[in-house]
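Trainee: Show me the folded form of this:
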Amino acid sequence: MDHGRMTPLGARLLDHGIRAMNHCTGPHKDHAFTGLAAGNVVELGAGGGSNLGWLPQGTRLYAVEPNRTMHDPLRERCARAGIEAVVLPVSAEALPLPDACVDEVICSLVLCTVPDAEAALAEVVRVLRPGGRFRFVEHVAAPAGSLRGRVQTAVQRPWGALAGGCDPHRDTLARIDAAGFTTVRARRGLLRHSPVWPVNTVVWGQAVR
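Mentor: Residues are numbered from 1 along each chain as shown. Take a look at the predicted model:
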């Protein structure tokens, strides 16, 4: 989760909520993240490390996390998991990494909060080596005209104020499709057991550089 515009308390509370949602998004992450090979991996919005369980030992993780409050817990969890972590206190729109330097980029429930998602995705394409993969699980806008979509639009402003800039009605998959990947394979569905009804519409999959 991109916590850069949140207070330390808000970031911790939101990270706790994201970790609690793993029981809902776990099957989607299994689909998107399974097969990650030990290598150079970027995670956008690493938070407190809720996705470490999908990374193999020996991974060198570039953990993009703007909120410094999360850094010590993240480093501790990486050490316990056998993951070498380089924590980057930067935004997803400006990664301090050279071109074509990483094998994989992962993110979950992050692009909803990034102010310029197109710029962040351009950075993903830039830092991935040819053939590298972007693996994602994101909540997105519900279908146009649906009740859920109308609710997302109605709560867009207060939701963003309460949830660190999260946009419940962002068409993230369209942005991924337009980012310049060679192929994008994604599925769409609902988080059946999530209590957060407005953001239950999700997409998950992989895009190849």
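
Trainee: So the closest residue to Gly39 other than its chain neighbours, which state does it fall into?
Mentor: Nearest non-adjacent residue to Gly39, counting by Cβ to Cβ, 6 or more residues apart in numbering: Asp103, 3.9 Å away. Heads up, the C-betas are built off the backbone N, CA and C, glycines and all. Three-state call for Asp103 (DSSP: H, G, I helix; E, B strand; the rest coil): strand.

Trainee: which residues touch Asp103?
Mentor: For Asp103, the contact set (Cβ atoms under 8 Å, 6 or more residues apart in numbering) comprises 37, 39-41, 128-129, 132-133.

Trainee: what do you get for Thr183?
Mentor: Taking Cβ under 8 Å, 6+ apart, we find Thr183 in contact with 207-208.

Trainee: how much space between it and Leu190?
Mentor: When distances are taken as Cβ to Cβ, to the nearest Å, Thr183 and Leu190 turn out to be 25 Å apart.

Trainee: And Val184, by the same measure?
Mentor: 20 Å.

Trainee: Same question for Val202.
Mentor: Note on Val202: its distance to Leu190, by Cβ to Cβ, is 7 Å.

Trainee: can you check Val105 too?
Mentor: The spacing between Val105 and Leu190, counted by Cβ to Cβ, is 25 Å.

Trainee: Could you do Leu88 as well?
Mentor: 33 Å.

Trainee: the more surrounded of the two?
Mentor: More crowded of Leu88 and Leu190, by other Cβ atoms under 10 Å: Leu88, with 19 against 14.

Trainee: quick one, phi psi at that one?
Mentor: Main-chain torsions, Leu88, degrees, to the nearest 10: phi -110, psi 110.

Trainee: Quick check: which ranges of the chain have low pLDDT?
Mentor: For the chain, the stretches flagged by pLDDT under 70 are 1-22, 195.

Trainee: Tell me which stretches of it form strands.
Mentor: Counting by DSSP state E, the chain has strands at residues 40-44, 60-64, 84-88, 102-108, 128-139, 183-190, 201-208.

Trainee: Reformat those into a markdown table and put distance to Trp159 next to each item.
Mentor: Shown next, in a markdown table, are the strands of the chain (distance: least, Cβ to Cβ, whole Å):
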| stretch | distance to Trp159 |
| --- | --- |
| strand 40-44 | 20 |
| strand 60-64 | 23 |
| strand 84-88 | 27 |
| strand 102-108 | 18 |
| strand 128-139 | 11 |
| strand 183-190 | 18 |
| strand 201-208 | 14 |
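
Trainee: Okay, Arg126 and Arg133: tell me how far apart.
Mentor: 15 Å.

Trainee: So these two - more neighbours on which side?
Mentor: More crowded of Arg126 and Arg133, by other Cβ under 10 Å: Arg133, with 24 against 15.

Trainee: Beta-bridge partners for the more buried one, please?
Mentor: For Arg133, the beta-bridge partners are Glu104, Val208 (DSSP bridges).
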